[in-house]
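[1] structure here, sequence nowhere to be found:
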């Protein structure tokens, strides 16, 4: 790989990772000048273009967590009182209680089959609880674990469609979607439909659609398939960014990451046969 | 919102290239097999169009099930979701039907061409919600396609005078074909239109009721302040 | 294995190291790498160093300017901002506390070795 090729692929990857084009151009020129000043091949100085671009893109991203806002607990956005779900004889959830305010994060953990996704769907309203009371704010965002995107639509068409449902206006929806995607280190490309995206990128699209309308409550089934470590950290940075912006977040989590920072930890015990 | 759903749905349809091509080729194959005999050719062509549109509707509704549920959770009305997708399907169906109408006009000597246009139109109008009903009853593509195969094949084979044929959704297509090709009296037209109206109402209401039941999320009350 | 551990630690402390070195005087990338190596940290790959500098720049702790030179090539020089100076002082204080705690623990391990010996 010649130096020029290295720089070419470096800037391409920066753009793909959602770095603002002007910023990417500036960073790329800087790297070129650094390499010339050091009289070294860029691969020697910085390492492989892809790895370096990923590290730089993370560093260049506006860090939402540098100065945690003085956050005030907002109104209650979700309250579960004794929520129970039974499928025939199988009890999936028993007596779940939770009060989530705006500006708080609740993490739901538990083994596979413990009813995590069921609880999320009950909060969303696609499944009815067998007993108990669910109270919830109307403006919600919802990112389910699977099948959250349409395989034959591009990212931009997704933004338009969801924007229309949220009555946002097409241009605003597309701009907001692109902005939120950049926060997760991804730049949607025109003409690429969802089925052509990698698993991790599909999940990013899924998450962006969940927050497109800046909802008061975000219900998120944490994606893990196809998510690399960096994307995973970006996602959690995003969760706290939503919280600091005043949203309530209910996140179903599979890996125990940084759970000391969440406000509520709901550990589900799992199914019981009666 | 309705237009956005119809527009994206239309885009999705046009991107399912292989399904779309097969669906366009199906009526042509039926037609070619009977092209020597105008009455049968038109009848099979129309049933082919119906089958094709119903299958496309099935695929479209099955494919969008999860997305529609997600959209409904964040505020899309189930009626708009169903109607948007149906509009896209009807648009596609009428386009296919229009192209085949031109073929019939050029290749066949038909007494009442306007009636051929009418019967192709009624067929599309019944087929699109029929596909939706099947997709809501059988939520997977393979099972749904087999169900449509059973319905359509029975429609073709069953004795048209028998009760079974009349109970099937596209019996009107046959009556209207007879009227269009064989210069029969108006009773075929009236019977056909009556059956069409009933079949259309039944399929449309069925699809709508199923969409509302399946998609409408339960909306919990706003939380009382702490 | 021990190398990997050093690598990981350095990753956590690199920002602080850079703030301290830049607090001493302004410098350019390769110069900082040399000074880190001279301090005993070994060679820092550019792929680690430059993203760190960019992050500090983004956080407003460091300001970067391209400086032309009559003899050598144009170089990007970094210097601490006022905010960077405050952050450096705060973090050094936290580090000292942390180091004392760590030393106390490590010393106990040393003592125990003496006793059992």
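    In hand now; what should we look at? Note that this is a predicted model, so its numbers are computed, not measured.
[2] strands of the chain, start to end?
    Reading this off chain A. Along chain A, counting by DSSP state E, strands occupy A:76-87, A:90-101, A:105-109, A:131-136, A:140-143, A:217-221, A:248-252, A:264-267, A:272-273.
[3] actually it's chain C I care about, not the one you picked
    All strands of chain C, identified by DSSP E, fall at C:27-28, C:62-67, C:75-80.
[4] now those strands in a markdown table, with mean neighbour count?
    Backbone N, C-alpha and C define where each C-beta goes, glycine included. Listed next are these as a markdown table, based on neighbours: other C-beta atoms under 10 Å in any protein chain shown:
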| stretch | mean neighbour count |
| --- | --- |
| strand C:27-28 | 19 |
| strand C:62-67 | 15 |
| strand C:75-80 | 18 |
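[5] ok, which of those strands comes nearest chain A?
    strand C:75-80 (5.2 Å; C-beta to the nearest C-beta).
[6] excluding chain neighbours, what is closest to residue B:39?
    Of all residues not flanking residue B:39 in the chain, residue B:181 sits nearest, at 4.3 Å (C-beta to C-beta, 6 or more residues apart in numbering or on different chains).
[7] which elements pack onto the one helix or strand the one you found maps to?
    For residue B:181, the host element (DSSP states H and E) is helix B:171-182. On a contact count with 3 or more C-beta pairs under 8 Å, 6 or more residues apart in numbering or on different chains; DSSP states H and E, helix B:171-182 meets helix B:38-63, helix B:113-137, helix B:186-215.
[8] the shortest one and chain A in contact?
    No - contact check for helix B:113-137 against chain A, using C-beta under 8 Å from any C-beta of the partner chain: none in range, with a minimum separation of 15.0 Å.
[9] center of chain C, which residue is that?
    With distances taken as C-alpha atoms, centre = their mean, residue C:17 lies nearest the centre of chain C, 1.5 Å away.
[10] now the strands of chain A as a markdown table including mean pLDDT and mean neighbour count?
    As requested, these are exported to a markdown table (pLDDT from 0 to 100; neighbours: other C-beta atoms under 10 Å in any protein chain shown):
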| stretch | mean pLDDT | mean neighbour count |
| --- | --- | --- |
| strand A:76-87 | 92 | 20 |
| strand A:90-101 | 90 | 19 |
| strand A:105-109 | 91 | 22 |
| strand A:131-136 | 93 | 18 |
| strand A:140-143 | 92 | 26 |
| strand A:217-221 | 92 | 25 |
| strand A:248-252 | 92 | 26 |
| strand A:264-267 | 88 | 15 |
| strand A:272-273 | 50 | 8 |
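[11] my guess is residue C:43 meets residue C:33, correct?
    Yes - assessed by C-beta atoms under 8 Å, residue C:43 is found in contact with residue C:33 at 7.3 Å.
[12] comparing those two, which residue is more hemmed in?
    Higher neighbour count among residue C:43 and residue C:33: residue C:33, with 21 against 10, using other C-beta atoms under 10 Å in any protein chain shown.
[13] which non-adjacent residue is nearest that one?
    Using C-beta to C-beta, 6+ apart, the closest residue to residue C:33 is residue C:44 (5.2 Å).
[14] ok, that neighbour - contacts?
    Listed by C-beta atoms under 8 Å, 6 or more residues apart in numbering or on different chains, the contact partners of residue C:44 are C:10, C:14, C:33, C:36-37.
[15] rewinding a little: export the helices and strands packed on helix B:171-182 to TSV and tack on mean neighbour count, distance to residue A:20 and mean pLDDT?
    Below are the helices and strands packed on helix B:171-182 laid out as TSV (neighbours: other C-beta atoms under 10 Å in any protein chain shown; distance: least, C-beta to C-beta, whole Å; pLDDT from 0 to 100):
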stretch	mean neighbour count	distance to residue A:20	mean pLDDT
helix B:38-63	26	35	92
helix B:113-137	24	43	94
helix B:186-215	17	39	93
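[16] would JSON lines of those helices with distance to residue A:49 be doable?
    Shown next, in JSON lines, are these (distance: least, C-beta to C-beta, whole Å):
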{"stretch": "helix B:38-63", "distance to residue A:49": "38"}
{"stretch": "helix B:113-137", "distance to residue A:49": "47"}
{"stretch": "helix B:186-215", "distance to residue A:49": "47"}
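[17] figure out which of the ones you listed is closest to residue A:265.
    helix B:186-215 (32.8 Å; C-beta to C-beta).
[18] is chain A within reach of that closest one?
    No - on the criterion C-beta under 8 Å from any C-beta, helix B:186-215 is out of touch with chain A, staying 9.0 Å away.
[19] if we can go back for a sec, could the strands of chain C be laid out in a markdown table, adding mean pLDDT and distance to chain B?
    Shown next, in a markdown table, are the strands of chain C (pLDDT from 0 to 100; distance: least, C-beta to the nearest C-beta, whole Å):
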| stretch | mean pLDDT | distance to chain B |
| --- | --- | --- |
| strand C:27-28 | 92 | 51 |
| strand C:62-67 | 90 | 43 |
| strand C:75-80 | 92 | 46 |
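[20] which among those is found nearest to residue A:203?
    Closest among the strands of chain C, using C-beta to C-beta: strand C:62-67, at 34.1 Å.
[21] strands paired with that closest one, and their directions?
    strand C:75-80 (antiparallel) (DSSP bridges).
[22] which residues does the strand it pairs with contact?
    Outside of strand C:75-80, the residues within contact range by C-beta under 8 Å, 6+ apart are A:30, A:33-34, A:37, C:18-19, C:22-23, C:26-29, C:32, C:53, C:56-57, C:61-67, C:69, C:88.
[23] from the middle of its chain, how far away would stretch A:220-227 be?
    Put simply, stretch A:220-227 sits 8 Å off its chain's centre (C-alpha atoms, centre = their mean, to the nearest Å).
[24] my read: residue A:153 touches residue B:8, true?
    Yes - using C-beta under 8 Å, residue A:153 is in contact with residue B:8, at 6.0 Å.
[25] list residues touching both of those two?
    Common neighbours of residue A:153 and residue B:8 (C-beta under 8 Å, 6+ apart) are residue A:161.
[26] tally of neighbours for residue B:154?
    13.
[27] tell me which residues touch it, please.
    Contact analysis of residue B:154 by C-beta under 8 Å, 6+ apart lists B:164, B:168.
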